[in-house]
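Visitor: Structure here, sequence nowhere to be found:
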């Protein structure tokens, strides 16, 4: 049975453009005019970088032929078919794990940690380099089974470490750039493959923050949602039965607290929302919406090389139970005494 377009451009999006606002989530966000939907007019699909939804730009109706009429009265029993999740080939992922000299985000990390530590971080989180834009980074979304669901391509400033959003929002996803047909994209938490470690779990919003925090506070497994809109019960199913500390951006503590309570009702997970940053931040910092990484990079990073004392071991045990202690120590330059 063939199909033909019933209604062209059903959402009235700007025809021929590659980017637009999302007809599903944009009106509910503060930045409602931000272009977050990638449009592919050849395949008739749109992909939103915020809510992860894939929409059909047009509606379709069946176009019956004479051969179809033979079977017009046959109604097979309805069956619930679960869509199979699509993955990016491992060879594609491996091919991106190079050319770090031409990666702005890696250059920024080198200014904080040095080359040896940075190579460890990018290897641990599967951070790649993209040819989409000069200096672009790929954050591979690798699930708990080690399979790449897709990758987010973004451009950073090599000096400040901030996202480059002018003159346009430099964002794309790997499966769109590869023009993969019938690709069933289902997002997962960034760093999800690290959940097999036996460490306390901390969850932040951005991939950048998770990577930086993992270097400063290595006692925890750091994951990222890839955006507040991606903090959902569906993506948190993998956290079932676990206790997770949330570190929201400064201007999003209330939103994360509400969302965490909703998710707890759906799945067996315990969230502890940290408001430590907000308690000690200035009004300007709160308005700017700074996150944990913005505070951590103010301190000089130094890898622990000395043997751990008994006092330090006891402190580590305490911080494992209460992750906020680590930030208090960093914030107020506390030291261990007898």
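Guide: Yep, that arrived. Please read all numbers here as calculations on a predicted model, not as lab measurements.

Visitor: how about the strands in this structure?
Guide: For the chain, applying DSSP state E gives strands covering 2-7, 19-20, 37-40, 45-48, 54-56, 59-63, 127-129, 137-142, 148-154, 171-173, 201-204, 221-224, 243-246, 270-273.

Visitor: I'd like those as CSV, with mean neighbour count appended.
Guide: The way it works is simple: take the backbone N, C-alpha and C, and place the C-beta from them, glycine included. Compiled in CSV, the strands of the chain are given as follows (neighbours: other C-beta atoms under 10 Å):
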stretch, mean neighbour count
strand 2-7, 10
strand 19-20, 19
strand 37-40, 21
strand 45-48, 21
strand 54-56, 16
strand 59-63, 11
strand 127-129, 24
strand 137-142, 26
strand 148-154, 24
strand 171-173, 22
strand 201-204, 24
strand 221-224, 24
strand 243-246, 18
strand 270-273, 16
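
Visitor: where does this structure dip in pLDDT?
Guide: Within the chain, the stretches with pLDDT under 70 are 1-3, 62-82, 304-313, 316-338.

Visitor: Centroid-nearest residue for it?
Guide: With distances taken as C-alpha atoms, centre = their mean, the chain has residue 226 as the residue nearest its mean C-alpha position (2.2 Å).

Visitor: who's in contact with the nearest residue to residue 58 once chain neighbours are set aside?
Guide: Of all residues not flanking residue 58 in the chain, residue 5 sits nearest, at 4.8 Å (C-beta to C-beta, 6 or more residues apart in numbering). Shown in contact with residue 5 (C-beta atoms under 8 Å, 6 or more residues apart in numbering): 58, 59, 60.

Visitor: beta partners for residue 5?
Guide: residue 60 (DSSP bridges).

Visitor: Distance check, it against residue 24.
Guide: 21 Å (C-beta to C-beta, to the nearest Å).

Visitor: In the stretch 151-300 of the chain, what residue spans correspond to helices?
Guide: Using DSSP state H, counting those that start in this stretch, the helices of the stretch 151-300 of the chain run over 174-177, 207-216, 233-236, 253-266, 276-280, 283-288, 292-296.

Visitor: As CSV, those with distance to residue 45 would be great.
Guide: Converted to CSV, the helices of the stretch 151-300 of the chain look like this (distance: least, C-beta to C-beta, whole Å):
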stretch, distance to residue 45
helix 174-177, 9
helix 207-216, 24
helix 233-236, 20
helix 253-266, 28
helix 276-280, 38
helix 283-288, 35
helix 292-296, 33
